[in-house]
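Participant: Attaching a predicted model along with its sequence, questions to come.
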Amino acid sequence: GDSVTQTEGLVTLTEGLPVMLNCTYQTIYSNPFLFWYVQHLNESPRLLLKSFTDNKRTEHQGFHATLHKSSSSFHLQKSSAQLSDSALYYCAPGTGGYKVVFGSGTRLLVSP
Amino acid sequence: EAAVTQSPRNKVAVTGGKVTLSCNQTNNHNNMYWYRQDTGHGLRLIHYSYGAGSTEKGDIPDGYKASRPSQENFSLILELATPSQTSVYFCASGDGVVTEVFFGKGTRLTVV
């Protein structure tokens, strides 16, 4: 079945440093949508950004990601981390079925 | 704004008891989902539904049943609750793979 792998469980950064959270996916669907969700403490997950266009950069709230179908990747990046970016981040593929699965999540902790 | 309402928000249950978690969405979405969230495991799909009357097993269905009596309502049922089912449960709704899913605020379940 469809799956997604997020390679880091915890990423700790100092404010101002760049952010990169990894996401790779597996699917037989030839035109997947990919989503990043963010969950702040004591809140529910919400959409951060999404993409379905190969090799096109998608941006939202200072974050960006590019879907690379050749490598099945959709890494999340930000040029300069802020304290308010501390949260749990989930990658999720939309792959042609009704089922929506999430990666295991990456916790980002940004310190002063 | 999509609205997904879960009840109760907090629940303490006894081992062996029956627990029903309810979810209501007002967005006329076809698809609804139940996830549990545990530290280190991310969001794991328990059951999902693609319309009234349908329920499908997700990745961790054992010990859970689901019911979708109408477009708006989707329940998760623990017939014989166990301490291992202590977790935070999220309901979500969506309208297909190209659109995001919208989460409720979650239910914190403690089985003692």
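Facilitator: Okay, I see it.
Participant: From now on I want contacts and neighbour counts done on CA atoms only, so please keep to that.
Facilitator: OK.
Participant: how many other residues sit next to residue 77?
Facilitator: Assuming you mean chain A. Neighbour count of A:Gln77, defined by other Cα atoms under 10 Å in any protein chain shown: 18.
Participant: um, chain B though
Facilitator: The burial count for B:Ile77: 17, using other Cα under 10 Å.
Participant: likewise B:Lys18?
Facilitator: 13.
Participant: and for stretch A:13-24, what are the contacting residues?
Facilitator: Contacts to stretch A:13-24, defined as Cα atoms under 8 Å, 6 or more residues apart in numbering or on different chains, come from residues A:4-8, A:71-83, A:91, A:106, A:108-112.
Participant: if we go to 7 Å?
Facilitator: Contact partners of stretch A:13-24, identified using Cα atoms under 7 Å, 6 or more residues apart in numbering or on different chains, comprise A:4-7, A:72-83, A:91, A:109-112.
Participant: Out of those residues, which sit inside strands?
Facilitator: If you go by DSSP state E, these have A:4-5, A:76-78, A:91, A:109-111 in strands.
Participant: Just name the closest of the residues you listed to A:Val38, please.
Facilitator: Among the ones in strands among the contacts of stretch A:13-24, A:Cys91 lies closest to A:Val38 (Cα to Cα), at 9.0 Å.
Participant: wait, what's in contact with A:Trp36?
Facilitator: A:47-50, A:89-92.
Participant: swap the cut-off to 10 Å and go again
Facilitator: By Cα atoms under 10 Å, 6 or more residues apart in numbering or on different chains, the residues touching A:Trp36 are A:23, A:45-51, A:64-65, A:74-76, A:89-93, A:102-103, B:100.
Participant: Please apply the same query to B:Leu43.
Facilitator: A:45, A:90, A:101-105, B:34-37, B:88-90.
Participant: residues in chain B within reach of chain A, list them.
Facilitator: Within reach of chain A by Cα under 10 Å from any Cα of the partner chain, chain B has these residues: B:30-33, B:35, B:37-45, B:47-50, B:56-59, B:90-92, B:94-106.
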